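# Let me see the structure of the following:
(one chain, ligands or ions: 1)
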Amino acid sequence: MFAFKVSKQNAEAAKDYLRKTDLLAPHMHASREGDFVFFPVVKKAKVSASIPGNFVQKKFESVVHTPSFREALVATLGQKLGHEAIAGYDTVGTTAIIEIAKGMETYQTKIARALLDSNRNIKTVLKKESAMQGEFRVRQFKWLAGIRTYAVEYHESGCLLRFDLRKTYFSTRLATERNRIAAQVKPGERVLALFAGVGPFALVIAKKQPAAQVVAVELNPAATQMMVENVRLNKTANVLPIQGDVRAVLKKYPKWADRACMPLPHTGYDFLDDVIAAMKDGGVVHFYGFGDERQGVFDSSIALVEAAASRQGVQCKILEKRVVRPYAPCVFQVVIDFQVVWSQGPVVKKRAAKKQTK
Ligand SMILES: C[S@@+](CC[C@H](N)C(=O)[O-])C[C@H]1O[C@@H](n2cnc3c(N)ncnc32)[C@H](O)[C@@H]1O
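Numbers count the residues shown, from 1 in each chain. From the prediction side, this is the model:
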């Protein structure tokens, strides 16, 4: 094919000129030889005298163009449907999870294949078949394209997690939270990783702070089994996985923990009394809930924490409140970090003394 040959000094100007005049051939890389650069062109043409160069014959390697997901959708479904089809997806390891809009089911395999074509890191495409359901917070999936598997390998903060998506809850979107909490854990801390799933909170904490002792409690036997395997894979001997109901297990850990994570936003409030009873004086709880921004996004979660603290006869000091992620229109998942203060006397007196001096 033809190439436009210019000296190195004129290469930038030549590239600009060839691009603007639509002479530059797409999907090809320019090549360099000594002091000259060769630009692949679609045809010979008159070039401005201000760009000194000449046309020569040359062979070029063509560059493989990977289309974007949207480009691949348009290529397979045509302009109209290709733009209507959803182009967002989540990934867990090399598995992509997509939602197919109502009415688009006929095209779901084409959509899944377009995703494989547009992203070489994706090996499997699954479709969400249900919302998170039941006590175990498990979702149903349907395989659409690529390697036919529901098993995933996922890396986070130096940990490797293996699990079956059909048998357990898992969300990559809590990675920031896991890191945030792990960064707070000090050597020697006793941590309760409650509602532990396949162990992401427990493992990230244990890996980051090997001198911490982590007890991880999960009700779902299949998820617990995968957590046991993940503890072995990551050589985190400082994690003790326990299969059972948090309420029953915590009875064996009165006033034991320096820290507890409660990532069960739908019904975690039901366990606040049990968790508070398992905290040492000064222990910190990370409590997850939901909040509606129209009613004060943190208000309902703080009210639940305060009510449980009052039932347990302790004080709770709110250390931090954060929005974790959007959940529904106007509704957000939130986290409330609070400290449990068993020895109320001095705290109450201090406040009273402050008031008196005003
Ligand atoms: C939202 S998931 C969080 C899982 C995990 N921490 C993660 O971030 O991937 C909540 C987990 O709590 C478990 N669970 C629900 N009720 C429980 C209970 N009473 N005792 C122990 N675990 C429970 C569910 O099976 C589920 O795996």
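# Surely Tyr17 touches Ile51?
Yes. Contact criterion CB atoms under 8 Å: Tyr17 and Ile51 qualify, at 5.3 Å. Yep, even glycine has a C-beta here, placed from its N, CA and C like the rest.
# Identify the residues contacting Gly289.
Applying CB atoms under 8 Å, 6 or more residues apart in numbering to Gly289 gives the contacts Pro265, Gly268, Tyr269, Ser300, Ser301, Leu304, Gln333, Val334, Val335, Ile336.
# same check, this time on Arg173
Counted by CB under 8 Å, 6+ apart, Arg173 has contacts Arg325.
# Could you do the one 10 residues further on as well?
Contacts for Ala183 (CB under 8 Å, 6+ apart) come out as Lys208.
# so how far is the ligand from it?
Distance, Ala183 to the ligand, using CB to the nearest ligand atom, to the nearest Å: 17 Å.
# Around the ligand, pick out the residues from the stretch 151-300 of the chain.
169-171, 174, 195-197, 200-201, 217-220, 223, 245-246, 263-264 (CB under 6 Å from any ligand atom).
# Show me the strands in the stretch 1-150 of the chain, by range?
2-7, 31-33, 36-40, 53-57, 90-92, 95-98, 124-128, 141-146 (DSSP state E, counting those that start in this stretch).
# Of all the ones you listed, which one is nearest the ligand?
strand 90-92 (10.8 Å; CB to the nearest ligand atom).
# Parallel or antiparallel, which strands does that closest one pair with?
Strand 90-92 sits in its sheet next to strand 95-98 (antiparallel), going by DSSP bridges.
# Just the residues contacting the strand it pairs with, thanks.
Contacts for strand 95-98 (CB under 8 Å, 6+ apart): 86, 88-91, 111-112, 115, 119, 122-128, 141, 144, 149, 152, 165.
# what's the answer for stretch 227-234, then?
With CB under 8 Å, 6+ apart, stretch 227-234 has contacts from 159-163, 196-199, 202-203, 206-207, 216, 218, 237, 239, 241.
# In strands, which of the residues you listed appear?
Cys159, Leu160, Leu161, Arg162, Phe163, Ala216, Glu218, Val239, Pro241 (DSSP state E).
# want to throw those residues into TSV with distance to Glu99?
Shown next, in TSV, are those (distance: CB to CB, whole Å):
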residue	distance to Glu99
Cys159	27
Leu160	27
Leu161	23
Arg162	25
Phe163	21
Ala216	30
Glu218	27
Val239	33
Pro241	32
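# From those, pick the one nearest the ligand.
Distances from the ligand to the ones in strands among the contacts of stretch 227-234, taken by CB to the nearest ligand atom, are shortest for Glu218, at 5.0 Å.
# Just the buried ones out of the ones in strands among the contacts of stretch 227-234, please.
Cys159, Leu161, Phe163, Ala216, Glu218, Val239, Pro241 (16 or more other CB atoms under 10 Å).
# can you pull the contacts of the first one?
The neighbourhood of Cys159, defined by CB under 8 Å, 6+ apart, consists of Pro200, Leu203, Val204, Lys207, Asn230, Asn234, Thr236.
# Who are the contact partners of Glu129?
Glu129 touches Arg139, Gln140, Phe141, Lys142, counting by CB under 8 Å, 6+ apart.
# Please repeat the previous calculation with a cut-off of 7 Å.
Gln140, Phe141, Lys142 (CB atoms under 7 Å, 6 or more residues apart in numbering).
# export those to JSON lines and tack on pLDDT, neighbour count and distance to Ala328?
Below are the contacts of Glu129 laid out as JSON lines (pLDDT from 0 to 100; neighbours: other CB atoms under 10 Å; distance: CB to CB, whole Å):
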{"residue": "Gln140", "pLDDT": "97", "neighbour count": "14", "distance to Ala328": "20"}
{"residue": "Phe141", "pLDDT": "97", "neighbour count": "16", "distance to Ala328": "21"}
{"residue": "Lys142", "pLDDT": "97", "neighbour count": "14", "distance to Ala328": "24"}
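# Near the ligand, list only the ones from the residues you listed.
Applying CB under 6 Å from any ligand atom to the contacts of Glu129, none is adjacent to the ligand.
# How about stretch 270-286, which residues are buried there?
Result for stretch 270-286 [16+ other CB under 10 Å]: buried residues 271-280, 283-286.
# Same check on stretch 98-117?
For stretch 98-117, by 16+ other CB under 10 Å, it's 98, 100, 104, 107-108, 110-117.
# So what's the residue count around the nearest residue to Gly268 once chain neighbours are set aside?
Nearest non-adjacent residue to Gly268, counting by CB to CB, 6 or more residues apart in numbering: Met262, 4.6 Å away. Counted with other CB atoms under 10 Å, the neighbours of Met262 add up to 23.
# which ones are touching Met262?
Met262 neighbours (CB under 7 Å, 6+ apart): Leu194, Phe195, Gly268, Phe271, Val275, Val285, His286, Phe287, Tyr288.
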